[in-house]
Structure formats: structure tokens, C-alpha cells
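**Student:** Please work out how this folds:
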Amino acid sequence: MTRLDLLAALRALEALPLAREGGRLLLPEETPEEVFQAIRPHKARLLRALEDGEEVPARALLEDPRRRALLLLPEEGEEKGVSLTRDPDPSGCPTHWQRVPELPPRGSRVAMVDEAGFGRLYRFKVKGVWYLLKFLPPFDGRVSLTDQQGRVRVLASLDEAAGFLALVTEDEEDVLVI
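**Tutor:** Here you go, the predicted model:
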């Protein structure tokens, strides 16, 4: 089961509460069997997103950016430091994006703010699809990702963006470096 299956299962639970007691994850009795089976392999992720003794509706885990990031980030033993392999082929970049600089390689210094004080914009390509990445004010790590169809996602950090891209590319073997 992928992390995308976990998100779908939480959406199916909607207002039903999940709770954490120590190392135990508590689900309501009315949890459908297929949802239980989708959640089961991700117990550690869910425990990481819940405080001890806390009970919250499933949708709260999806709506809170911090909790969503904890659900999407890899666990120990999975791919280390979510890293997506960027596609070096420059073809297919939309013409109006070609003036935007490419995102430097992982480990490089990246400017979050441009000369005019706005969020810096970068482009990169993963698995044949171009994306724009923009750092958002107040420059606390939040970023937006825009795909070639104009869909925009606002994410809490670069790590959450990498986790999201790993999900949408749906290839657990080949993950992105940003």
C-alpha cells in the first residue's frame, strides 16, 4: 500500500476519530475493513502525526500541513531523504517558463527571495513533467508547486514538496532530489 492509499483511506474516514495511546493507534469500531487494511501498513506514520493521548478526526490529519507532511515523509528503512531524480532533458519546457532559472542541485544554496523582495521562482523537470517551484512569503519554508496544467499546490516545506512529487510520480524506486 502506498502513501497515496493512506491519504485515500483517511479521506474515507472523514469525521471518524483516530487516537493514539502510547504506541497504539486506536480506530473506531465502524472503520470499514478495506480502510483498516489500507491504514495498517502506515501505523508508524499515523503515530508520528498524532500526539500521545490525542484523538482527532481523520480529516484533520489531511487538512493540517504539518500533519500531512508527517504522513508523506518516508519512514526509517524507506528511501533516505526523499530525493527525486531530476530529468536533465531540457525538451518540453513551456516556452513562457524558459526565462525562469532551473532549480540548482540538492545541496546548493538557493535564494528564497528575488531582488524585488518577492518569492524566488525556479523550474525543474521530473519524469518528463515540468514544474515551477516558488518560495512563499514570509519565507518560512513554504513553497508552491505549479504543474504544466496550471494546478498549484502550496506545501509546508521542500521536504513535503518532494514527498508530494514522489507520490504523484508513483514510482517508489526513483524518487526526487530538490
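
**Student:** residues contacting R120?
**Tutor:** For R120, the contact set (C-beta atoms under 8 Å, 6 or more residues apart in numbering) comprises V110, A111, M112, V113, D114, K134, F135. To be clear about C-beta, it is placed using only N, CA and C from the backbone, and glycine gets the same treatment.

**Student:** So what's the residue count around the fifth one?
**Tutor:** The local packing of D114 (other C-beta atoms under 10 Å) involves 11 other residues.

**Student:** If we ignore the residues flanking it in sequence, what's nearest it?
**Tutor:** Nearest residue to D114 in three dimensions, chain neighbours excluded: R120, at 5.0 Å (C-beta to C-beta, 6 or more residues apart in numbering).

**Student:** Got the phi and psi for the residue of the chain most remote from its centre?
**Tutor:** Ranking residues of the chain by C-alpha distance from their mean position (C-alpha atoms, centre = their mean) puts E29 at the top, at 29.5 Å. Note on E29: its backbone torsions stand at phi -60, psi -30 [degrees, to the nearest 10].

**Student:** The one 10 residues further on too?
**Tutor:** Phi and psi for I39, reported as degrees, to the nearest 10, are phi -80, psi -30.

**Student:** Provide the secondary structure category for the residue lying closest to it once chain neighbours are set aside.
**Tutor:** Closest residue to I39 in three dimensions, ignoring its sequence neighbours and counting by C-beta to C-beta, 6+ apart: A9, at 5.1 Å. Here A9 is recorded as helix under DSSP: H, G, I helix; E, B strand; the rest coil.

**Student:** looking at it, A9 is touching E33, isn't it?
**Tutor:** No: between A9 and E33 no contact is recorded; they are 11.3 Å apart, counting by C-beta atoms under 8 Å.

**Student:** Can you list the low-confidence ranges for this structure?
**Tutor:** Applying pLDDT under 70 to the chain picks out residues 1, 74-88, 107, 169-178.

**Student:** which residue ranges form the strands in it?
**Tutor:** 17-21, 24-26, 55-57, 121-126, 129-135, 143-147, 152-155 (DSSP state E).
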